[in-house]
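Colleague: 3D model of this:
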Amino acid sequence: MTVVEGFLSTPEALEAFGERSFVDAMLRFEAALARAQAKVGLISQASADTIASTCKVDLFNVPKIVRDSGQAGSLAIPLVKALKETVGLFSQEAVPATHFGSTSQDVIDTAMALVSQPVLALVLADGEAILEALLRLTDRHADTPMLARTLGQPASVTSFGWKCALWAGGLQRGLQRLRQAAPPALAVQLGGAVGTQAQLQGQGSRVVALMADELGLSAPATPWHTQRDAWVALGCALGGLVGTLGKVARDLSLMTQFEVSEISEPSGDSRGGSSAMPHKRNPVACMVALAAAQRAPLSVAGLLAAMPQEHERALGHWQAELAEWSQLMLSAHGSARALAGALPGLQVHVPRMRANLDALRATLPPEAAEEWFDPALAVQAGRLARAELLRLRALQATRPVDASIDRPIDRPIHRQTD
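Modeller: Sure, this is the predicted structure:
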């Protein structure tokens, strides 16, 4: 990751997709694999205990493993080599049982699911915080009249509450799609060399189920080495959510312009300041969300382009997908966190909204002003806003909770392997 990611993403997402966290997730896979195989009798319990107790990230030279991955063509190859060497220090008998029946893509795909899971939980939690802020704005400003704008120009009368309700509806749908796509995508990968689980002696499904239970992932019916549909569907849902947040940010950023001045992002702690012009107040939350909306479509396109993977294991396509995936996750949480931090404290300048309406109305012939700027139009928009508010609140109340992805927003990302 580059230094630029520091302000376009979040510390939590950067940590989750960092070297140490990813290697730790790979070691969690290896420990869960060994424990599951011991339970079904494929390896001895003594070997499983040795392997699992060795799968501690502090025992490994993570930077060296990452450096060696370039020559090896996979992060898993130097990791497994180091793991077997370390296991051998405690028990030579456990070495053949280490990484038994699995392959490099198994450990990397599962690790990617593991590091994605808590970041996705944070995206959802921040998304819910944004949704709540929008619903409160809907309630507070249902009848607040403002200019509607079409094709970039002033049009007629709407209400700020109705505008917020429409943003909230799009966001609610995006969060719902994300929740639906996540469980089948965040899955254990265990296919072995060519996806047949050949060394698992018919115990593959039991091993996968045990691993899934330990790791908090789903147990797919089959390995998905080159069947990336569920994974890419989650990526598309993420991209859609980032686009929805970008829409909110685009509208807000236009409303913050000095010539419009209908809303302002929260200020304080040098937020949105300028190094050259002290009078400026930059909408930095909108900036981050818009940057994410610019980048996410490229990442989603990369995921889709990588789907036609050859035969049982891909050459180049899967590796490209991995890089695009991490960028998409970083963008998604950067966008969600930025708006979640700004919207609860959004400053709405109601007098300026009315002044902009009155200024345009004064330029129109009386009949046009009466037709397009009748106060009843804002009241009608307010009725729509309240009806949508009730509908969205009802959806909130009935939304099922999935423990695997609906987690507290302050949940630690990094988890030490035991």
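Colleague: Please make it C-alpha for all contacts and neighbour counts, starting now.
Modeller: OK.
Colleague: Who are the contact partners of the residue nearest to Trp224 when sequence neighbours are not counted?
Modeller: Leaving out its chain neighbours, the residue that sits closest to Trp224 by CA to CA, 6 or more residues apart in numbering is Gln189, at 6.7 Å. Neighbouring residues of Gln189 by CA atoms under 8 Å, 6 or more residues apart in numbering: Gln105, Asp106, Val107, Asp109, Thr110, Val208, Pro220, Pro223, Trp224, His225.
Colleague: mind checking pLDDT for Gln189?
Modeller: For Gln189, the pLDDT comes out at 98.
Colleague: Can you tell me the SS state at it?
Modeller: The local conformation at Gln189, judged by DSSP: H, G, I helix; E, B strand; the rest coil, is coil.
Colleague: Kindly report the same for Met146.
Modeller: strand.
Colleague: Could you number the chain from 39 rather than 1 from now on?
Modeller: Taking 39 as the first residue, the last one we looked at is Met184.
Colleague: pretty sure it contacts Gly199?
Modeller: No: Met184 is beyond contact range of Gly199, at 9.6 Å (criterion: CA atoms under 8 Å).
Colleague: Just want to know which of these two has more residues nearby.
Modeller: Taking neighbours as other CA atoms under 10 Å, Met184 and Gly199 compare with Gly199 leading, 30 against 26.
Colleague: Point me to the helix or strand that includes the more buried one.
Modeller: Element membership for Gly199 (DSSP states H and E) is helix 198-223.
Colleague: quick one: buried residues of that helix?
Modeller: Neighbour counts over helix 198-223 (16 or more other CA atoms under 10 Å) mark 198-210, 212-213, 215-217, 219-223 as buried.
Colleague: Could you pull up the contacting residues of Pro389?
Modeller: Applying CA under 8 Å, 6+ apart to Pro389 gives no contacts.
Colleague: Kindly report the same for the one 5 residues further on.
Modeller: With CA under 8 Å, 6+ apart as the criterion, the residues that contact Asn394 are Met184, Leu185, Val298.
Colleague: any chance of the residues you listed in CSV, with pLDDT too?
Modeller: Listed next are the contacts of Asn394 as CSV, based on pLDDT from 0 to 100:
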residue, pLDDT
Met184, 95
Leu185, 95
Val298, 94
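Colleague: Closest to Arg174 out of those?
Modeller: Met184 (17.5 Å; CA to CA).
Colleague: low pLDDT regions in the chain?
Modeller: 39-40, 306-318, 445-456 (pLDDT under 70).
Colleague: Packing partners of the stretch of helix or strand Gly278 belongs to?
Modeller: Using DSSP H and E, Gly278 falls within helix 267-294. Here helix 267-294 touches helix 198-223, strand 301-302, helix 322-343, helix 355-380, going by 3 or more CA pairs under 8 Å, 6 or more residues apart in numbering; DSSP states H and E.
Colleague: Pro101: which of these is closest?
Modeller: Between the helices and strands packed on helix 267-294, helix 355-380 lies closest to Pro101; by CA to CA that is 18.2 Å.
Colleague: okay, the angle between that closest one and helix 267-294?
Modeller: With axes from the mean of the first three to the mean of the last three CA atoms, to 10 degrees defining the directions, helix 355-380 sits at 40 degrees from helix 267-294.
Colleague: Now helix 355-380: buried residues?
Modeller: When burial is assessed from 16+ other CA under 10 Å, helix 355-380 yields the following buried residues: 355-356, 359-360, 362-380.
Colleague: Stretch 398-405 now?
Modeller: Arg399.
Colleague: try stretch 154-171
Modeller: Neighbour-count burial for stretch 154-171, counted by 16+ other CA under 10 Å, picks out 154-171.
Colleague: So which residues of the chain form strands?
Modeller: Using DSSP state E, the strands of the chain run over residues 183-188, 191-197, 301-302, 385-386.
Colleague: The third one pairs with which strands, and in what direction?
Modeller: The reference is to strand 301-302. Next to strand 301-302 in the sheet, as set by DSSP bridges, lie strand 385-386 (antiparallel).
Colleague: quick revisit: now do the helix holding Gly278: distance to the chain's middle.
Modeller: 10 Å (CA atoms, centre = their mean, to the nearest Å).
Colleague: my guess is Cys274 meets Val338, correct?
Modeller: Yes: shown here, Cys274 and Val338 form a contact pair, counting by CA under 8 Å, at 6.0 Å.
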